[in-house]
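**Q** quick one: sequence and predicted model below, then my questions.
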Amino acid sequence: MSLLQEIQDKCSPEMIASKQHGEIAAVVSLGRTKPSTREIGNGTILETIGLQYGNAMLDVIETAPDFRHVKPLLQQGRLIVGSPLVAAAVQGMVPSVMPQEVADRLLALTVDPAPVSVQEVVQAMEGL
C-alpha cells in the first residue's frame, strides 16, 4: 500500500483538504510498525516474561534439537527478534510453555514504531 493510500484510508477528506501535514502524519503514524532489528538474549527474555515462563522457554530452547542454532544466538545476545521465524517459534510455544498473554509480551518486541514524517506526507500528497 502506498503512503497516499494510507493517508486516504486513515484520514477524512476534510483533513486531507486542510493540508495540515503534521496532523495527517500523526494520524497515519498511529499503529504503524516495521519489523524490529533489535538483537536480544536470554536476559531480555527473562526481563520481558519473567522467571517462570522465561526459564521454561529457555529450557525448551536448550533441549529441543530444532533450536540448536538459536541457543548460541540467545547466549550471545544476537537473536534478531523481528524475524518472522522468532514470532512463529514464540507462537508455537502457546499454550504448552506459556499462555498467549505472556507470548504477546515477547511478540511486542518483534516490531518497532514506523512513524511517517511531515516531509513524507507532503511528498505523498503532491498533486492532490
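**A** Received, thanks. Residues are numbered from 1 along each chain as shown.

**Q** is it correct that Tyr53 falls within a helix?
**A** Yes. Looking at Tyr53 with DSSP: H, G, I helix; E, B strand; the rest coil, it is inside a helix.

**Q** wait, it touches Ser96, no?
**A** No. Applying CB atoms under 8 Å, one finds Tyr53 not in contact with Ser96, separated by 11.4 Å. (Glycine included, C-beta is placed from N, CA and C.)

**Q** which of these two has more residues huddled nearby?
**A** Tyr53 (20 against 8; other CB atoms under 10 Å).

**Q** skipping adjacent residues, who's closest to the more buried one in space?
**A** Nearest in space to Tyr53, with sequence neighbours left out and distances taken as CB to CB, 6 or more residues apart in numbering, is Met98 at 4.3 Å.

**Q** tally of neighbours for the one you found?
**A** By other CB under 10 Å, neighbour count at Met98 equals 22.

**Q** with adjacent residues omitted, what lies nearest to the residue most central in space within the chain?
**A** Per CA atoms, centre = their mean, the C-alpha nearest to the average position across the chain is that of Val111, at 1.3 Å. Spatial nearest neighbour of Val111, chain neighbours left out: Thr33 (3.9 Å); criterion: CB to CB, 6+ apart.

**Q** tell me the contacts of the residue nearest to Tyr53?
**A** 49, 53, 56-57 (CB atoms under 8 Å, 6 or more residues apart in numbering).

**Q** now do Val70
**A** 61, 79, 89.

**Q** try it again with 10 Å
**A** Taking CB atoms under 10 Å, 6 or more residues apart in numbering, we find Val70 in contact with 61-62, 64, 79, 85-86, 89.
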